[in-house]
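the sequence isn't on hand, but the structure is:
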């Protein structure tokens with residue numbers, strides 16, 4: 001895959017992950033540029049396309065967190081990782097349901113919330129999340145299961 005094809009293939013993914021963390025387009029643009037800067041300045045030897053994708057995801061998460069730390073944000077400020085995106089556009093749900101889900105997600109512990117958002121809103125597989133967060137696949141699966149259970153309890157209480 002040449003550089004142009006690589007950028008086209010992974011741009012949306014990188015930008016989407018950056019938006020989930022920094023929550024606005026200007027900052028996501030900065031993170032996006034930083035990720036590709038890091039990619040193009042390194043000697044690029046990947047075992048497979050899956051390895052390249054995992055590297056890009058990991059660098060995007062790290063660059064997003066570094067960006068927030070450099071701006072003086074705490075991790076707690078990233079509770080609403082949806083920004084102003086209309087997440088209900090592809091769902092057959094009411095706005096009240098979307099608001100309830102967002103509120104319930106904010107109440108989840110950071111690990112559960114992050115995994116659920118990456119899986120459901122970024123469309124990443126458990127193996128991709130595992131590589132990105134540097135956690136065993138079984139840990140990701142169990143945290144997703146526990147997170148869903150906690151989310152269900154929070155939603156039923158509202």
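Alright, I've got the coordinates. Just so we're clear, the structure is a prediction, and the values are computed from it rather than from any experiment.

show me where the chain has its strands.
Shown for the chain, no strands are assigned by DSSP state E.

how is it carved up into domains?
Taking automatic domain parsing as the domain assignment, the ranges for the chain are 1-78, 80-158.

packing partners for the helix or strand of the chain with the lowest mean pLDDT?
Lowest on mean pLDDT, DSSP states H and E among the helices and strands of the chain sits helix 95-107, with a mean of 78. Applying 3 or more CB pairs under 8 Å, 6 or more residues apart in numbering; DSSP states H and E, one finds that helix 95-107 contacts helix 110-120, helix 137-157. C-betas here are computed from N, CA, C, even on glycine.

residues of stretch 109-116 that come out buried?
111-116 (16 or more other CB atoms under 10 Å).

gap between the two ends of stretch 40-55?
Terminal residues of stretch 40-55 are spaced 13 Å apart (CA to CA, to the nearest Å).

quick one: pLDDT of residue 155?
pLDDT for residue 155: 86.

pull the residues that contact stretch 147-158.
100-101, 103-105, 107-109, 111-113, 115-116 (CB atoms under 8 Å, 6 or more residues apart in numbering).

just those residues now: which is nearest residue 38?
Proximity to residue 38 was ranked across those by CB to CB; first place goes to residue 115, at 24.1 Å.

I figured the closest one hits residue 141, correct?
No. Using CB atoms under 8 Å, residue 115 makes no contact with residue 141, being 9.1 Å away.

understood, closing this out.
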